[in-house]
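>>> Starting from these lines, generate the structure:
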Amino acid sequence: MRRFALLFTLAVSLAPAETAAGQAAKPARRPSPAARAAASITANDIARRIGIIADDSMLGRDTPSRGLDLTAQYVADEFKRAGLKPGGANGGWFQHYSITRRKLNADSSAIALRGPSGEVRFPLNATARLAQGNVPAAPIASSLVLFGGAVTAAEAQKVSFRDKVVLVVADESREGTQSLLRDLVLGGAGAILIPSSADSVTFASRLRGQSRERTAVDVGEGQPPILLVLGQRLATALAPAGVNLAETRASTTAVARELPDVTADVALKEIVVARDSAPNTIGILEGSDPRLKHEYVLFTAHMDHIGITPGAADSINNGADDDASGTTGVIELAEAFGQPGVRPKRSLVFMTVSGEEKGLWGSEYWSEHPTVPIKDVVADLNIDMIGRNWADTIVAIGKEHSDLGATLNRVNRQHPELRMTAIDDRWPEERFYFRSDHYNFARKGVPILFFFNGVHEDYHQPSDAPAKVNAEKEARIVKLVYYLGAEVANSAQRPKWNTESYREIVE
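Now for the predicted structure:
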């Protein structure tokens with residue numbers, strides 16, 4: 001045994017010399033430019049940036065607030081350092097939108113219906129109330145359009161409701177009713193009336209709430225007012241025109257028709273209490289291809305959070321995962337794409353928006369007032385909450401709606417070193433597709449993917465702190481988004497919607 005061990009040791013000691021004499025050692029392979037760019041995305045950088053954005057000094061980044069403005073300036077400075085060009089308004093880094101605090105003047109607001117038996121008024125301090133939506137700048141007057149019964153989108157398309165006052169008389173629990181209301185809102189109805197089943201005393205007790213101070217953003221047309229009208233009085237007013245509300249609601253067939261004998265006037269007034277503004281921060285990296293540089297891939301995240309919770313021992317909602325993690329991801333992507341030798345063919349837009357927590361304000365404003373032609377935006381890759389939960393998995397919402405899902409799957413397979421698997425939406429019942437900024441781009445026809453790790457016990461709590469973010473995991477996710485973005489930005493073809501998804505979401 002000892003003699004064999006000696007011979008083995010001698011053989012091992014001679015092996016390197018024999019290898020060197022027989023064959024020169026191969027030089028180490030240099031990483032590709034893309035790999036070097038991806039390597040610039042590090043856990044240390046991510047942890048450092050989240051620590052800045054989610055620091056107590058930012059006071060929870062409410063919209064609007066000084067902390068939000070400081071965050072927007074920090075992002076702009078990082079975009080500039082990464083070599084981007086300003087992509088905001090007037091040649092700057094920012095796109096500001098107006099925010100106003102308003103109160104409905106119920107005493108000066110009313111709905112009037114004129115029919116065969118004359119005019120019936122529904123004052124908003126007595127028999128009608130504003131449930132949601134914006135107050136139109138001018139009164140709305142039109143013939144009344146009746147939708148009810150077993151309403152369907154197909155039936156709704158047979159009647160023009162653009163700028164019309166629409167009366168919806170349908171069982172809210174019936175499948176299709178909520179989607180009909182969405183279609184009316186997105187399709188540009190002037191105002192929507194819904195009969196209330198409450199008795200007059202209960203109805204009156206709810207009127208005070210509509211005159212509370214509220215915050216509104218001017219994003220263009222906005223959402224039409226949705227008004228609840230005292231059902232008993234409405235039924236009496238419409239009976240002379242041959243409309244039976246109870247029969248319409250219970251109908252097993254769709255009711256969709258204009259009432260030529262009934263006109264409706266909706267005149268709402270409000271008082272502006274205060275005016276303010278909030279920023280989106282936008283940077284652009286111009287593409288390298290003379291033709292394709294006029295198309296854009298959009299990388300987005302929201303930089304705002306929910307501010308301060310008064311009275312709590314720890315009152316500052318830092319929003320480290322939600323969404324300092326996404327904001328940091330966009331900055332890291334800008335820095336990676338700015339590395340030498342990796343500028344893609346298409347141009348890249350990096351944008352951190354505000355007001356997401358208030359109702360997707362910043363992204364909605366940009367979608368209505370884009371700083372690059374939105375028809376030329378080929379994809380949006382949105383990042384919202386990517387620093388918590390599973391270490392090896394990220395949900396990519398929207399994979400099934402376009403061929404971006406197949407592209408992501410292919411890119412994911414090509415990079416096993418990332419140890420990260422992008423999976424389909426695990427919570428379709430939560431409708432997260434409609435709850436983050438990508439939705440405002442999708443409804444304008446832009447294919448999207450939404451990277452999201454799901455909520456956790458610290459969601460919208462002061463305990464969503466930087467120390468709880470897994471920066472190493474986030475670095476691997478951002479690298480995956482980098483490789484995906486490069487693939488989309490260099491592809492000869494634009495991403496394509498699936499036909500049914502386009503009908504549902506865009507049309």
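>>> need the strands for the stretch 301-450 of the chain, in chain order.
Counting by DSSP state E, counting those that start in this stretch, the stretch 301-450 of the chain has strands at residues 347-353, 377-383, 393-397, 421-423, 448-452.
>>> Now the most centrally placed residue in the chain: closest residue in space that isn't a chain neighbour?
In the chain, the centroid-proximal residue (CA atoms, centre = their mean) is residue 437; its distance is 1.5 Å. In this structure, residue 437 finds its nearest non-sequential neighbour in residue 363, 3.6 Å apart by CB to CB, 6 or more residues apart in numbering. (Glycine included, C-beta is placed from N, CA and C.)
>>> contact partners of the helix or strand hosting residue 72?
Per DSSP states H and E: residue 72 is located in helix 66-81. Helix 66-81 is contacted by residues 49, 52-53, 57-62, 86, 93-94, 278-281, 283, 303-304, 307, 327, 330-331, 334-335, 350, 352, 354 when judged by CB atoms under 8 Å, 6 or more residues apart in numbering.
>>> how about that helix: buried residues?
Within helix 66-81, the residues that qualify as buried by neighbour count (16 or more other CB atoms under 10 Å) are 67-72, 74-76, 78-79.
>>> next one: stretch 120-138
Across stretch 120-138, burial judged by 16+ other CB under 10 Å covers 120, 122, 124-130, 133-136.
>>> In contact with residue 456, which residues are there?
Counting by CB under 8 Å, 6+ apart, residue 456 makes contact with 321, 388-389.
>>> pLDDT, distance to residue 248 and neighbour count for these - can I get that in JSON lines?
Compiled in JSON lines, these are given as follows (pLDDT from 0 to 100; distance: CB to CB, whole Å; neighbours: other CB atoms under 10 Å):
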{"residue": "321", "pLDDT": "98", "distance to residue 248": "47", "neighbour count": "28"}
{"residue": "388", "pLDDT": "97", "distance to residue 248": "49", "neighbour count": "23"}
{"residue": "389", "pLDDT": "97", "distance to residue 248": "47", "neighbour count": "17"}
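>>> Write a ChimeraX command that selects only the buried members of the contacts of helix 66-81.
In ChimeraX, this line selects whichever of the contacts of helix 66-81 come out buried by 16+ other CB under 10 Å:
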select :49,52,53,58,59,60,61,62,86,93,94,278,279,280,281,283,303,304,307,327,330,331,334,335,350,352,354
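>>> Show me the domain layout of this structure.
The chain resolves into domains spanning 33-101+275-505, 106-268 when parsed by automatic domain parsing.
>>> Lowest average pLDDT across those?
Ranked by mean pLDDT, those bottom out at domain 106-268, which scores a mean of 87.
>>> Now do that domain: distance to the chain's middle.
The chain centroid and the centroid of domain 106-268 are separated by 28 Å under CA atoms, centre = their mean, to the nearest Å.
>>> Show the end-to-end separation of that domain, please.
Domain 106-268 has an end-to-end distance of 8 Å (criterion: CA to CA, to the nearest Å).
>>> From residue 352, how far out is the residue nearest to residue 437?
Distance, residue 363 to residue 352, using CB to CB, to the nearest Å: 10 Å.
>>> Mutual contacts of the two, please.
280, 300, 302.
>>> picking up where we left off before, tell me which of the domains of the chain is the most buried.
domain 33-101+275-505 (a mean of 20; mean count of other CB atoms under 10 Å).
>>> Can you work out which other helices and strands pack against the host helix or strand of residue 482?
Counting by DSSP H and E, the element that carries residue 482 is helix 471-490. Secondary-structure packing of helix 471-490 (3 or more CB pairs under 8 Å, 6 or more residues apart in numbering; DSSP states H and E): helix 33-39, helix 43-53, strand 296-302, helix 325-337, strand 377-383, helix 404-414, strand 448-452.
>>> show me where the stretch 101-250 of the chain has strands.
For the stretch 101-250 of the chain, the strands defined by DSSP E, counting those that start in this stretch occupy 110-115, 118-123, 128-132, 140-149, 165-169, 191-196, 214-217, 226-230.
>>> neighbouring strands for the shortest one, and are they parallel or not?
Right, the one you point to is strand 214-217. Counting by DSSP bridges, the strands paired with strand 214-217 are strand 94-104 (antiparallel).
>>> I'd like the distance from the helix holding residue 482 to the chain centre, please.
Between the centre of helix 471-490 and the centre of its host chain there is 20 Å, according to CA atoms, centre = their mean.
>>> Repeat that for stretch 334-347.
With CA atoms, centre = their mean as the basis, stretch 334-347 stands 25 Å off its chain's centre.
>>> Residues touching it, excluding its own?
With CB under 8 Å, 6+ apart as the criterion, stretch 334-347 contacts 33-34, 36-38, 40-41, 45, 78-79, 81-84, 283-289, 292-297, 299, 348, 350, 372, 378, 482, 485-486, 488-490.
>>> Kindly report the same for stretch 154-171.
The contact list for stretch 154-171, computed with CB under 8 Å, 6+ apart, reads 140-149, 151, 177, 180-181, 183-184, 187-195, 245, 248-250, 254-258, 264, 266.
>>> Just the C-alphas of that stretch, formatted as CSV.
Extracted as CSV, the C-alpha positions of stretch 154-171 are listed here (Å, rounded to 0.1, in the frame of the first residue of the first chain):
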residue,chain,number,x,y,z
ALA,A,154,-71.5,43.0,-27.5
GLU,A,155,-74.9,44.7,-26.8
ALA,A,156,-73.3,47.8,-25.4
GLN,A,157,-71.4,48.2,-28.7
LYS,A,158,-74.6,48.6,-30.6
VAL,A,159,-75.4,51.9,-28.9
SER,A,160,-73.3,55.0,-29.0
PHE,A,161,-72.6,56.3,-25.5
ARG,A,162,-69.8,58.7,-26.3
ASP,A,163,-70.3,61.9,-24.2
LYS,A,164,-73.8,60.7,-23.3
VAL,A,165,-75.6,60.4,-20.0
VAL,A,166,-76.0,56.7,-19.4
LEU,A,167,-78.4,55.1,-17.0
VAL,A,168,-77.2,51.6,-15.9
VAL,A,169,-80.0,49.4,-14.5
ALA,A,170,-78.5,46.0,-13.9
ASP,A,171,-78.0,43.5,-11.1
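>>> re the thing from before, in a markdown table: the strands of the stretch 301-450 of the chain, plus distance to residue 506.
Output for the strands of the stretch 301-450 of the chain, formatted as a markdown table (distance: least, CB to CB, whole Å):
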| stretch | distance to residue 506 |
| --- | --- |
| strand 347-353 | 20 |
| strand 377-383 | 13 |
| strand 393-397 | 17 |
| strand 421-423 | 23 |
| strand 448-452 | 11 |
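>>> So which of those strands is nearest residue 103?
With CB to CB as the criterion, residue 103 lies closest to strand 347-353 of the strands of the stretch 301-450 of the chain, at 26.9 Å.
>>> May I have the strands that pair with the closest one, each with its orientation?
When pairing is defined by DSSP bridges, strand 347-353 lines up against strand 270-285 (antiparallel), strand 296-302 (parallel).
>>> so residue 89 touches residue 371, yeah?
Yes: using CB atoms under 8 Å, residue 89 is in contact with residue 371, at 6.8 Å.
>>> Now for these two: what residues contact both?
Contacts common to residue 89 and residue 371, judged by CB under 8 Å, 6+ apart, are residue 95.
>>> Show the contacting residues for the nearest residue to residue 209 once chain neighbours are set aside.
Leaving aside its sequence neighbours, residue 209 sits nearest to residue 129 (CB to CB, 6+ apart; 7.9 Å). When contacts are counted by CB under 8 Å, 6+ apart, residue 129 touches 106, 203, 206-207, 209-210, 227-228.
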